[in-house]
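> please work out how this folds:
(chains A and B)
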Amino acid sequence: MDVLSFLINPFSYPFMQQALLTLLVVCLTSGVLGVFVILRRMAFIGDALSHTALPGVVAAFLLGWNLFVGGLVAGMITSLLISWFSRNRVIHEDTAIGIAFSGMFALGIALMSALRTFRDLSHVLFGNILGISQDQFALILVISVLVLLVSFLLRKELIWTSVDPVHAATRGLNPDSVKTILLLLIAVVVTIDIQAAGVVLTSSLLITPAATAKLITNRLQQLLILSVSFGIFGGVLGLYFSFYLGFASGAAIVLTNTLIFGLVWVIKNVGVFFGKKNKAKASHS
Amino acid sequence: MKNVARLLVTLVILLSCQQPTAERTIVASTSIIGDWVSNIAGTDWKVVTLVGRDGDAHTYEPSPADVQTLAQASLIVLNGAGLEHVWLHPILESSKTQAPILELAEHTQLIKSEHHHEEEIEGQDPYEEGEEHEEGEEHHHGEFDPHVWLSPRRVRDMVTAIMNQLISLDPANEQAYRQRTAAYHQKLEELDREITSKLAVIPKERRKLVLLHQAFGYFALDYDFEQTASVLRSLTTQTRDPSAADVARLVDLLKKEKIPAIFDENIAKNPVSAAIARDAKVKLAPPLYTDALGQPGTPGETYLGMMRHNANVILEALRP
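Below you'll find the predicted structure:
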């Protein structure tokens, strides 16, 4: 088999085309949001918000609603709770996240015990990008476009409050409102990501590509482009691994992203080790 | 000291008072077994099932109340052949139940899991899950296909086994048990004839079944079908989701074998089934009742109803 057909063959199946298309949309949105998450050192939030989607998903399952909507509602409630708890700075954001995260996840587990079987929810836990229906994809697409639109309209607010909160405050921006909006956006994106990687692995889609980008550049525009590119590259490569090596698709995608991060880190550090100029530069950042 | 003794006496009295109030209870592991037991035992016994309607006996999560139920049971009826072993064995131990345990699979002829090996998808071992479990069990997980109940022909002997067990526990009512068993045997025979004649219109090349898991082995053997593959490639639903490679292989197989439809199941769903059906351009048939009865008011309310419904669904999906 030549290289070209090796690369093309998997995508002769419509289910693989659907998975690829979904991945492109998911990685685009997560890549963009991920950069703001990284810049604000809120990496924990992606993990927290994906876990807090669980009670919503389980409740929706019990009531026969759309699982996606259930997860979305739970995620948004959590993000509002987090920003409300940490509003007056008595409780720090990370503390608020910790409380909301474990509380909501416990609620999810408690609801699950009413079901007495985890089988139907395993694709919520581990993701199932191979079973995305056209309706689901349409929903993901619409939500992604909305998320990107809101991020674009609020780009100045998001960037200033992320990069330089003091400057943002002098400009009359309320960092709390911006933070609440960002949290809501992350909640939405995480619910989309769950379709691809599941509750347990989702935060990787949000954070890892952005972190890889951060290894290479500090300029925002490049960060955004690289983050999205790494996400898509890792996602597609992961799909190949799942196709040719038989790995579960969610895990394959997340592992590939992690490998890429590791590889870039090694290359960068080897470069730093050999080049004294870069070394001096790196110790500053 | 006297007070402690009094307290103890009171406790003993209280505890012993509970005994007579407990009814004579038969615990059945699944709703299907519960239905058979109720049919034979009549109204003198209370029948409790562990895995409920539409529940999945492969992945059941028992509750503390189940341990209590087992502890108070007069008889425990289970399927065996590895179906409930993983979750039932620990709670049987911890309940310290004294009740006799009737394993229905011991009273019928089982198919070895290896039987299917030629039919499986290349390179995949549908029994890999089972083989990881401990060796040395009589009917340990993975050695036999546990889904005996899905062929009415094999249910006859299992119902007889339930009858014999009830007679030995309650000889006074032997006559009643024998009558009810004879009546149920007759219904099973009618069901058997009905399924055979109903499905006779499906030609040989279309008598191919693909479900979520390999549940229809006995049905396929007894009613002349072939269980070509399954979405999870496994005798149990307790297994990993299919990878992209698995899905692609299954899509190819469905096309190559010209399989007319794949079937959902009432006990578990997987979105991948729909994707496979879409890609292979085959029908996704409505759910078959596999490892549990349906809710009251549905066609799967009873065992006889569920098997009639299954035959209808198979007929609709596979007839030319």
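
> who are the contact partners of A:Gln17?
Counting by CB atoms under 8 Å, 6 or more residues apart in numbering or on different chains, A:Gln17 touches A:Phe11. Quick note: C-beta positions are derived from backbone N, CA and C, even for glycine.

> so how far is B:Pro64 from it?
Per CB to CB, to the nearest Å, A:Gln17 is found 48 Å from B:Pro64.

> what's the answer for A:Phe241, then?
Applying CB to CB to A:Phe241 and B:Pro64 gives a distance of 42 Å.

> neighbour count winner among the two?
A:Phe241 (21 against 9; other CB atoms under 10 Å in any protein chain shown).

> so that one: helix, strand or coil?
Of the three states, A:Phe241 takes helix under DSSP: H, G, I helix; E, B strand; the rest coil.

> neighbours of the residue lying closest to it once chain neighbours are set aside, how many?
Counting by CB to CB, 6 or more residues apart in numbering or on different chains, A:Phe241 lies nearest to A:Ala252, which is 4.2 Å off, once chain neighbours are set aside. When neighbours are defined as other CB under 10 Å, A:Ala252 has 26 of them.

> pretty sure A:Ala252 contacts A:Tyr244?
No: the pair A:Ala252 and A:Tyr244 fails to qualify as a contact (CB atoms under 8 Å) at a distance of 9.9 Å.

> which neighbours do the two share?
Going by CB under 8 Å, 6+ apart, no residue sits against A:Ala252 while also sitting against A:Tyr244.

> does B:Arg278 touch A:Phe15 like I think?
Yes: with contact defined as CB under 8 Å, B:Arg278 reaches A:Phe15; the gap is 7.2 Å.

> next up, the contacts around the residue nearest to A:Phe241.
For A:Ala252, the contact set (CB under 8 Å, 6+ apart) comprises A:Gly238, A:Leu239, A:Phe241, A:Ser242, A:Leu245, B:Ser243.

> what pLDDT does residue 100 get?
No chain specified, so I'll use chain A. If you check A:Ala100, the pLDDT there is 84.

> the intended chain is chain B.
96.

> count the neighbours of it for me.
The number of residues packed near B:Pro100 is 13, by other CB under 10 Å.

> wait, it sits on B:Leu169?
Yes: counting by CB under 8 Å, B:Pro100 does reach B:Leu169; the two are 7.4 Å apart.

> what is in contact with these two at once?
Shared contacts of B:Pro100 and B:Leu169, defined by CB under 8 Å, 6+ apart, are found at B:Leu75.

> need the next SSE after the longest helix along chain B, C-terminal direction.
Taking DSSP state H as the criterion, chain B has its longest helix at helix B:174-199. Later in the chain than helix B:174-199, the nearest helix or strand by DSSP states H and E is strand B:208-211.

> name the SS class of B:Ile76, please.
Classified using three-state DSSP, B:Ile76 is strand.

> what sits against whichever residue of the stretch 101-250 of chain A sits closest to chain B?
Using CB to the nearest CB, the closest approach of the stretch 101-250 of chain A to chain B is made by A:Gly131 at 3.0 Å. Going by CB under 8 Å, 6+ apart, A:Gly131 touches A:His123, B:Asn270, B:Pro271, B:Val272, B:Ser273, B:Ala274, B:Ala275.

> most neighbours among those residues, which one?
B:Ala275 (27 neighbours).

> surely that residue is in contact with A:Gln134?
No: in this structure B:Ala275 lies outside contact range of A:Gln134 using CB under 8 Å: 10.1 Å.

> overlap in contacts of the two?
With CB under 8 Å, 6+ apart as the test, B:Ala275 and A:Gln134 both reach A:Gln18.

> residue closest to the middle of chain A?
Centroid-nearest residue in chain A: A:Leu206, 2.4 Å away (criterion: CA atoms, centre = their mean).

> let's verify it: helix, strand, or coil?
helix.

> go ahead and confirm it touches A:Leu33.
Yes: A:Leu206 is within contact range of A:Leu33, at 6.5 Å (criterion: CB under 8 Å).

> list the residues that contact both of the two?
Contacts common to A:Leu206 and A:Leu33, judged by CB under 8 Å, 6+ apart, are A:Ile186, A:Val189.

> ok, B:Leu102 - contacts?
Counted by CB under 8 Å, 6+ apart, B:Leu102 has contacts B:Leu75, B:Ile76, B:Val77, B:Leu78, B:Ala161, B:Ile162, B:Gln165.

> likewise for A:Pro175?
By CB under 8 Å, 6+ apart, the residues touching A:Pro175 are A:Thr161, A:Pro165, A:Ala168, A:Ala169.

> and the residue of chain B closest to chain A?
The minimum distance from chain B to chain A, using CB to the nearest CB, falls at B:Pro271 (3.0 Å).

> spell out which helix or strand contains the closest residue to B:Glu174 other than its chain neighbours, please.
Nearest residue to B:Glu174 in three dimensions, chain neighbours excluded: B:Ile167, at 4.9 Å (CB to CB, 6+ apart). Taking DSSP H and E as the definition, B:Ile167 sits inside helix B:152-169.

> and that helix, what does it pack onto?
Applying 3 or more CB pairs under 8 Å, 6 or more residues apart in numbering or on different chains; DSSP states H and E, one finds that helix B:152-169 contacts helix B:31-41, strand B:75-78, strand B:101-103, helix B:174-199, helix B:217-222.

> closest one to B:Gly55 among the ones you listed?
B:Gly55 sits nearest to helix B:31-41 of all those, at 7.0 Å, using CB to CB.

> alpha carbons of the closest one, in CSV - could you do that?
Extracted in CSV, the C-alpha atoms of helix B:31-41 (Å, rounded to 0.1, in the frame of the first residue of the first chain):
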residue,chain,number,x,y,z
SER,B,31,-36.4,-10.1,35.1
ILE,B,32,-36.7,-13.0,32.6
ILE,B,33,-35.9,-15.6,35.2
GLY,B,34,-38.3,-13.8,37.6
ASP,B,35,-41.1,-14.2,35.1
TRP,B,36,-40.6,-17.9,34.8
VAL,B,37,-40.4,-18.4,38.5
SER,B,38,-43.6,-16.4,39.0
ASN,B,39,-45.4,-18.5,36.5
ILE,B,40,-44.4,-21.7,38.3
ALA,B,41,-44.4,-20.6,41.9
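
> would JSON lines of the helices and strands packed on helix B:152-169 with distance to B:Pro146 be doable?
Converted to JSON lines, those look like this (distance: least, CB to CB, whole Å):
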{"stretch": "helix B:31-41", "distance to B:Pro146": "12"}
{"stretch": "strand B:75-78", "distance to B:Pro146": "10"}
{"stretch": "strand B:101-103", "distance to B:Pro146": "11"}
{"stretch": "helix B:174-199", "distance to B:Pro146": "19"}
{"stretch": "helix B:217-222", "distance to B:Pro146": "9"}
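
> on that earlier part again, what sits against the residue nearest to the centre of chain A?
Going by CB under 8 Å, 6+ apart, the list of residues near A:Leu206 reads A:Ser30, A:Leu33, A:Gly34, A:Val37, A:Gly46, A:Ile186, A:Val189, A:Val190, A:Asp193.
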